[in-house]
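S.K.: quick one, fold the following:
(2 chains)
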Amino acid sequence: MSEVRVRIAPSPSGNLHIGTARTALFNYLFAKKNNGKFVLRIEDTDAERTSQEYVDNIFDSLKALGLNWDEGPDVGGNYGPYTQSQRFDIYPKYVQQLLDSGFAYECFCTPEELEAEKEEATAAKKAYVYSKKCENLSEEEKAKLRAEGRKPAIRFNIAKAQKAFHSSTILEFDDLVKGKLHVDTNLIGDFVIMKSNGAPTYNFAVVIDDALMKISHVIRGEDHISNTYKQILIFEALGFEVPRFGHLGMILAPDRSKLSKRHGATAVSDFVKEGYLTDALINFVALLGWSPSDGQEIKTVDEIAQDFRIGEISSSNSIFEYDKLKWMNSHYIKMLPIEELKERLKPYLTKYDLSSLTDEQYTKMVEITREPLTLLSDITDAVPYFFGKDVEIEPETQTGTLDTDVAQKVLVDFLEKAKAWEWTEENLHEKLAEFRAYWKEKDGIKPKVTMWAVRAAITGRTCGADMVGILEILGKETSLYRAEKAIKLAV
RNA sequence: AGCGGUAUCGUCUAGUGGUUAGGACGGGAGAUUCUCAUUCUCCAAACAGGGGUUCAAUUCCCCUUACCGCCGCCA
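M.R.: Next up is the predicted model:
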């Protein structure tokens, strides 16, 4: 049995898309499960739409997701180069081979002629298939065309290959996830494998690259199904072993259209910027199609790999539900060790002077504010009151809470009593409880109302983290200063 | 238009020729808490439609419908 080798072959015409990340994940899982190799190949054939920035983004995103490749542009391998643009000199040889064996021919048609053919087909309500008018050009005719300055493109001869390797025009293959798939080769036009400018087309280059890189299983999106038939024929015409194919359903936006920025983040790096954890992202995306045999959805990539069977992947499209991703992200945030969380949160706290807090205070702050975080970025708006002497009071908190008679009398009492309190967590906890009990007893004020007053004065809002923790971090001086100021302001 | 694919709660899915069709997110109700949130408990929510095959079909077959994909000298 030959070695399992799979690949992800992104085109660097944009940042790594979440859909590509999922395809990469399934390839990675398949490799892991089968002790195979996961290779990364950059398909930058189209120089105009390609940029180094995107290449870097693809590398970084894949690494951040933990999808490490065994062979690739940066780490090398025995089947390089792994960047398609650096492989341009190896394609002509195979084109020539196809030309020599009659599986390909030169096509001198101009874009205008081709366009006319297509329009004709459209007008006749027929599916467009290339006319093959250049299939049997004589040498004289070709010479003449060449003399006119025309540069030929090379087309693959579908019918020839079909007849040479298959008894029927129905071409079938057994898809790893969808089962038997087939098409009538009469419906496939002779497609271009090498452009008139000498560059290979996608369908040709992938075959050469996959064959030379000894890729055993091609796992990709189902938008490639129709390419598969063409590619199989090329593999055969060149005498290469045909790999197995597996086609995954697509990821759709909640409105069933293609997932785009309009729906939210689409690039892995954008999700990260927004405060998603890559562990959550990868876990979530795995659940789009794959499901755990034990029902436990929260799993690491390694755990998923153990439980992974490609044939059990759902073959239908699935909708990218941001809500579930958010839930999963908040779950992962809760699971994060405190020290790591403290680091991960820092990028979202740059507007504050973190140096004003001791490490102990910062730790405490993270501990008491982490609970409601859905995104790491949520921390930004959750902590302003931990910084500075003064605090900004929300207008509605000022009028709705602080300015009320109840709040004012509670605060006056709070200030008075708190002056005598020893400022330790244990003691504050106890004193605050006594304080609430006192007002409940005295005026029947609900505990939460009592706390609203204190909270509003100290934090400027009516909701937030554990009050004891807040007071402790702020310290006695600042806490009392704010309480006093809240009273003065209202009088 | 043609060709190919897909079809279980709103969403991701499990599942079976005979099940109270299960779980998760989301939604609703309640409990706990100093607020928000968390957590916990409970509830509502699905086999697209029509034909077959069969004692029995959500499950197997066919058709319809819906949706997705592909029809480039893009990848």
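
S.K.: is it true that A:Glu297 touches A:Leu287?
M.R.: Yes - with contact defined as Cβ atoms under 8 Å, A:Glu297 reaches A:Leu287; the gap is 6.1 Å. For glycine as for every other residue, the C-beta is placed from the backbone atoms N, C-alpha and C.

S.K.: among those two, which residue is more densely surrounded?
M.R.: A:Leu287 (19 against 14; other Cβ atoms under 10 Å).

S.K.: mind listing what that one touches?
M.R.: Counting by Cβ atoms under 8 Å, 6 or more residues apart in numbering, A:Leu287 touches A:Glu297, A:Lys324.

S.K.: ok, now how distant is it from A:Ser330?
M.R.: Between A:Leu287 and A:Ser330 the computed distance is 16 Å (Cβ to Cβ, to the nearest Å).

S.K.: so which helix or strand takes in A:Trp54?
M.R.: Rather than Trp, residue A:54 is Tyr. Secondary structure from DSSP states H and E places A:Tyr54 in helix A:52-64.

S.K.: and A:Gly77, what are its phi and psi?
M.R.: With angles defined as degrees, to the nearest 10, A:Gly77 sits at phi 150, psi 180.

S.K.: could you find the closest non-adjacent residue to it?
M.R.: Distances taken as Cβ to Cβ, 6 or more residues apart in numbering place A:Glu71 nearest to A:Gly77, at 2.9 Å, with adjacent residues excluded.

S.K.: again, but for A:Asn15
M.R.: Per Cβ to Cβ, 6+ apart, closest to A:Asn15 is A:Ala267, 3.7 Å.

S.K.: pLDDT score for the one you found?
M.R.: Among the per-residue scores, A:Ala267 holds a pLDDT of 96.

S.K.: partners of it in the sheet?
M.R.: Note on A:Ala267: beta-bridge partners A:His17, judged by DSSP bridges.

S.K.: would you confirm that it contacts A:Ile18?
M.R.: Yes - using Cβ under 8 Å, A:Ala267 is in contact with A:Ile18, at 7.1 Å.

S.K.: who's more crowded, those two?
M.R.: Between A:Ala267 and A:Ile18, counted using other Cβ under 10 Å, A:Ile18 has the larger neighbour count: 23 against 20.

S.K.: surely that one meets A:Leu281?
M.R.: Yes - shown here, A:Ile18 and A:Leu281 form a contact pair, counting by Cβ under 8 Å, at 7.4 Å.

S.K.: list residues touching both of the two?
M.R.: Both A:Ile18 and A:Leu281 are in contact with A:Val268, A:Phe271, where contact means Cβ under 8 Å, 6+ apart.

S.K.: ok, A:Val4 - contacts?
M.R.: A:Phe30, A:Ala31, A:Asn34, A:Asn35, A:Gly36, A:Lys37, A:Ser216, A:His217.

S.K.: narrow these to those that are buried.
M.R.: A:Phe30, A:Ala31, A:Asn34, A:Gly36, A:Lys37, A:Ser216, A:His217 (16 or more other Cβ atoms under 10 Å).

S.K.: and which of those residues is nearest RNA strand B?
M.R.: A:Phe30 (16.5 Å; Cβ to the nearest atom of the strand).

S.K.: which SSE is immediately downstream of the strand or helix carrying the closest one?
M.R.: Applying DSSP H and E as the criterion places A:Phe30 in helix A:18-33. The helix or strand immediately downstream of helix A:18-33 is strand A:37-40, counting by DSSP H and E.

S.K.: just the CA trace of that following strand, in CSV.
M.R.: Listed next in CSV are the C-alpha coordinates belonging to strand A:37-40 (Å, rounded to 0.1, in the frame of the first residue of the first chain):
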residue,chain,number,x,y,z
LYS,A,37,1.8,13.5,4.7
PHE,A,38,0.1,16.8,4.4
VAL,A,39,1.7,19.1,1.8
LEU,A,40,1.2,22.7,1.1
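
S.K.: so for it, mean pLDDT?
M.R.: Mean predicted lDDT for strand A:37-40 stands at 98.

S.K.: could you do stretch A:451-461 as well?
M.R.: Rounded mean pLDDT across stretch A:451-461 is 95.

S.K.: distance from it to the middle of the chain?
M.R.: 40 Å (Cα atoms, centre = their mean, to the nearest Å).

S.K.: over to stretch A:11-18?
M.R.: 10 Å.

S.K.: buried residues, that stretch. List them.
M.R.: A:Ser11, A:Pro12, A:Gly14, A:Asn15, A:Leu16, A:His17, A:Ile18.

S.K.: out of those, which one sits closest to RNA strand B?
M.R.: Out of those, the member with the shortest distance to RNA strand B (by Cβ to the nearest atom of the strand) is A:Ser11, at 3.0 Å.

S.K.: I figured the closest one was touching A:Glu43, is that so?
M.R.: Yes - at 4.7 Å, A:Ser11 and A:Glu43 qualify as touching, with contact defined as Cβ under 8 Å.

S.K.: who are the contact partners of the residue nearest to A:Asn15?
M.R.: So A:Ala267 contacts A:Gly14, A:Asn15, A:Leu16, A:His17, A:Ile18, A:Asn57, A:Ser61 (Cβ under 8 Å, 6+ apart).

S.K.: pLDDT and distance to A:Asp175 added to those residues, as CSV?
M.R.: Formatted as CSV, the contacts of A:Ala267 follow (pLDDT from 0 to 100; distance: Cβ to Cβ, whole Å):
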residue, pLDDT, distance to A:Asp175
A:Gly14, 92, 27
A:Asn15, 95, 29
A:Leu16, 96, 25
A:His17, 96, 23
A:Ile18, 97, 23
A:Asn57, 97, 31
A:Ser61, 98, 28
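
S.K.: low-confidence ranges in chain A?
M.R.: Scanning chain A for pLDDT under 70 picks out A:1, A:47, A:489-491.

S.K.: the biggest helix by length in chain A vs RNA strand B: in contact?
M.R.: Taking DSSP state H as the criterion, chain A has its longest helix at helix A:467-490. Yes - with Cβ under 7 Å from any atom of the strand as the criterion, RNA strand B is reached by helix A:467-490 at A:Met467, A:Val468.

S.K.: name the helices or strands packed onto that helix?
M.R.: helix A:359-369, helix A:405-418, helix A:425-443, helix A:447-459 (3 or more Cβ pairs under 8 Å, 6 or more residues apart in numbering; DSSP states H and E).

S.K.: and A:Ser196, how far is that from RNA strand B?
M.R.: Going from A:Ser196 to RNA strand B by Cβ to the nearest atom of the strand, to the nearest Å gives 4 Å.

S.K.: for the helix holding A:Phe30, what is the distance to the chain centroid?
M.R.: In terms of Cα atoms, centre = their mean, the centre of helix A:18-33 is set 12 Å apart from its chain centre.
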